[in-house]
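In: need coordinates for the below:
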Amino acid sequence: MGIPLEINLLGLGEGRHYPAEKFWAVAGEVGNRVIIGVDAHDPASIGNRKIIREALALAGRFGLEVAERLDFSADVPWKRRRL
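Out: As a prediction, the model looks like this:
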């Protein structure tokens, strides 16, 4: 489908059970792309460069391409439906 998976910065920053490395190993094997996502509960988390570097390192360890931009202009099913 071409939809990237999210590496969540909250999970990395707080040592939660996600992102699980086994999951990312499989994602890398099948060629998924990823985005770096942030839970904006705390505005300071958006610019936390240390955690962003950790997320990029995780992507690199598993050969995951990091998407820097999402293109929503493609012909996708929800754009063809009448609301």
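In: how about low-confidence regions in the protein?
Out: The chain contains residues with pLDDT under 70 at 1, 72-83.
In: can you give me the strands in it?
Out: Secondary structure of the chain (DSSP state E): strands at 5-8, 33-37, 65-66.
In: could these go into TSV alongside distance to G15 and mean neighbour count?
Out: For the C-beta atoms, the positions are set from N, CA and C on the backbone; glycine is no exception. Listed next are the strands of the chain as TSV, based on distance: least, Cβ to Cβ, whole Å; neighbours: other Cβ atoms under 10 Å:
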stretch	distance to G15	mean neighbour count
strand 5-8	12	18
strand 33-37	17	18
strand 65-66	22	14
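In: adding distance to A20, write those strands out as CSV.
Out: Listed next are the strands of the chain as CSV, based on distance: least, Cβ to Cβ, whole Å:
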stretch, distance to A20
strand 5-8, 11
strand 33-37, 14
strand 65-66, 18
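In: the longest helix along the chain - contacts with which helices or strands?
Out: Secondary structure of the chain per DSSP state H: the longest helix is helix 49-61. Judged by 3 or more Cβ pairs under 8 Å, 6 or more residues apart in numbering; DSSP states H and E, helix 49-61 is in contact with strand 5-8, helix 9-13, helix 21-30, strand 33-37, strand 65-66.
In: residues in contact with the spatially most central residue of the chain?
Out: In the chain, the residue lying closest to the centroid (Cα atoms, centre = their mean) is E6, at 2.3 Å. By Cβ atoms under 8 Å, 6 or more residues apart in numbering, the contact list for E6 reads V34, I35, I36, G37.
In: between those residues, which is closest to I51?
Out: Taking Cβ to Cβ as the measure, I51 lies nearest I36 of the contacts of E6, at 9.1 Å.
In: wait, doesn't the closest one sit right on R69?
Out: No: shown here, I36 and R69 do not form a contact pair, counting by Cβ atoms under 8 Å, at 12.0 Å.
In: how far out from the middle of the chain is stretch 28-45?
Out: Centroid displacement of stretch 28-45 relative to its chain, using Cα atoms, centre = their mean, to the nearest Å, is 3 Å.
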